[in-house]
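Undergrad: pasting the sequence and the predicted coordinates here, then a few questions.
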Amino acid sequence: MALASVRPATSDDAAAVARVQRAVWTSAYADLLPPGAVEGFDEDAVARGWAGPIAAGAVWVATEGDALVGFCAAAPASPEDLADAAGAVPEDVGVVATIAALLVEPRWGRRGHGGRLVVETAAALRAAGAVRGVAWVPERDTASRRFWERAGWDPDGTVRTLDAGGRPLREIRVAGALDMEFRPEPSPGDLDLPLLP
């Protein structure tokens, strides 16, 4: 395996981030997205959409050798991301972050990129004052749910249903601490997974 690393995204990465997003949507999320979402995916428009979050320092990318293979987007959590079923927002809203996207191109999977991305992103979020995080995961996305479970993030009992082009998309919210570390030489069962200390 070539040298793998994680770094903050730059404006030059927007097209590659859009390419990774398309690759994941085409494969892993094809059954979850509304009909036509992949066929209508405009990489140039999506790349332009990533320009703002990248400029704001909210995106990190994983590389292997010269290839950009995955990305993570995160920011302070919004009240909508943290509200419970009754609409109540927790008191610690100011120190919670949301992992909005964590995608690794399938052909680069199982090589530790997802784990490195989450650990480095979590470190940056902690440095900015966050103490815990949340992520929304499609209920039927068992691979992502296992990933977060192994990271120590568990469902907190909150669910939401999005309208994905006329197809309901049920998501569960997972939550956990941001004090993660990546084991450089994981066992086969730990590949691609961040581990708590």
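TA: Sure, I can see it.
Undergrad: every contact and neighbour count from this point should use C-alpha atoms.
TA: Will do.
Undergrad: surely Val6 is in contact with Val61?
TA: Yes - under the criterion of C-alpha atoms under 8 Å, Val6 lies in contact with Val61, with a separation of 5.6 Å.
Undergrad: Phe71 and Gly94, how far apart?
TA: Using C-alpha to C-alpha, to the nearest Å, one gets 24 Å for the distance from Phe71 to Gly94.
Undergrad: meant to ask about Val134, not that
TA: As judged by C-alpha to C-alpha, Val134 and Gly94 stand 13 Å apart.
Undergrad: so where's this protein shaky on pLDDT?
TA: Under the criterion of pLDDT under 70, the regions of the chain flagged as low confidence span 1-2, 30, 34-38, 164-165, 182-197.
Undergrad: just checking, Arg19 touches Glu43?
TA: Yes - the pair Arg19 and Glu43 passes the contact test of C-alpha under 8 Å, sitting 6.6 Å apart.
Undergrad: between the two, which one's more packed in?
TA: When Arg19 and Glu43 are compared on other C-alpha atoms under 10 Å, the one with more neighbours turns out to be Arg19, at 21 against 18.
Undergrad: pretty sure the more buried one is in a strand, no?
TA: No - applying DSSP: H, G, I helix; E, B strand; the rest coil, one finds Arg19 to be helix, outside a strand.
Undergrad: tally of neighbours for Asp31?
TA: One way to gauge burial is a neighbour count; for Asp31, by other C-alpha under 10 Å, it gives 12.
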